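In: Quick check, what structure comes out for this input:
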Amino acid sequence: MYQKFTYQSPFFLFTLVLNLCGFIVSFVSSCALRASGFTWFVIAYLFCLIFGISVATFGGFIKRLRLAFLPLAGIAIMFLVIEIDDTIYSKVTSIVALGTGFVITAIGMIAWIFGLGFEDDTEEQELNYSGEMIEGEASPQMGAVAHGITQRPTGGSTSTTGMGMGFYPPLVQNPSYSYKALAVYSYEASHADPNEISFAKDEVLDIVDTKGKWWQARRSDGTVGIVPSNYLRVI
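Out: Down below sits the predicted model:
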């Protein structure tokens, strides 16, 4: 999950309120002053940017668009600096109010640049670890033939975490749990497959066999099922 930019994040909610307050002050002041065309362009640009980032965040796809929003936020700050320099030193109250609104918005935009530029180390480690696991395994077709793993349609059952591996081993009756594995990440079992089991990060599981992408595992409470191998590390 992208930590700093979710609709439940205090960081995002606070900076959103900050940007909205600054925008409203600037908009009202511009109306009172009958501002010039460039000022209205800046206000329209800020509105589109704030609206776009908010929609992307509440819609849950800010992670895919953050690199596009970063330079747009940088351009917004450049516009704001120009407007602040033209307004903040004025002796006219309404012009100072306009500049103050731009200052508040600039603070919010700077915070958003830091937030959008933040990379979640946990997610990066997960991707690297998953890649290492996939590179170290035999092809899915060979594994399915050698170990009696049945293949399901590609568009069929996938886990709630979006793994979609497509190969599920049948549960072995009265197995011998010869290995132990540490959960590197938490996993939520798919409701579409009753054989999957959930587990928490740092939980130790008993494993029957470490071949293939799905392993038969047993939790400390006795729950038995299959688990994705690239979420685990054999210990």
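
In: burial of residue 110, as a residue count?
Out: Residue 110 is flanked by 16 other residues according to other C-beta atoms under 10 Å. For glycine as for every other residue, the C-beta is placed from the backbone atoms N, C-alpha and C.

In: pLDDT averaged over the helix or strand that contains it - what is it?
Out: Here residue 110 sits within helix 93-117, counting by DSSP states H and E. Average pLDDT, helix 93-117: 93.

In: Now do the buried residues in it.
Out: 94-95, 97-113, 115-116 (16 or more other C-beta atoms under 10 Å).

In: Next: stretch 62-71.
Out: For stretch 62-71, the neighbour count (16+ other C-beta under 10 Å) marks 62, 63, 65, 66, 69 as buried.

In: Would you reformat those as CSV and include distance to residue 204, pLDDT and secondary structure?
Out: Below are these laid out as CSV (distance: C-beta to C-beta, whole Å; pLDDT from 0 to 100; DSSP: H, G, I helix; E, B strand; the rest coil):
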residue, distance to residue 204, pLDDT, secondary structure
62, 35, 88, helix
63, 31, 85, helix
65, 38, 90, helix
66, 36, 88, helix
69, 41, 94, helix
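
In: got TSV for these, with distance to residue 181 too?
Out: As requested, the buried residues of stretch 62-71 are arranged in TSV below (distance: C-beta to C-beta, whole Å):
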residue	distance to residue 181
62	33
63	29
65	36
66	33
69	39
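
In: Would you mind checking which of those residues is nearest to residue 179?
Out: Distance to residue 179, by C-beta to C-beta, is smallest for residue 63 among the buried residues of stretch 62-71, at 34.4 Å.

In: how far away is that closest one from residue 115?
Out: 12 Å (C-beta to C-beta, to the nearest Å).

In: Spell out which residues are contacts of both of those two.
Out: Residues touching both residue 63 and residue 115 (C-beta atoms under 8 Å, 6 or more residues apart in numbering): residue 5.

In: can you list the domains in this protein?
Out: Per the TED database, the structural domains of the chain span 10-118, 179-234.

In: okay if I get those as CSV plus distance to residue 170?
Out: Compiled in CSV, the domains of the chain are given as follows (distance: least, C-beta to C-beta, whole Å):
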stretch, distance to residue 170
domain 10-118, 35
domain 179-234, 8
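
In: which stretch among those domains comes nearest residue 173?
Out: domain 179-234 (10.2 Å).

In: End to end on the closest one, go ahead and measure it.
Out: 7 Å (C-alpha to C-alpha, to the nearest Å).

In: Quick one: mean pLDDT over that domain.
Out: pLDDT averaged over domain 179-234 gives 90.

In: roughly how far is that domain from the heart of the chain?
Out: From the chain centre to the centre of domain 179-234 is a distance of 23 Å (C-alpha atoms, centre = their mean, to the nearest Å).
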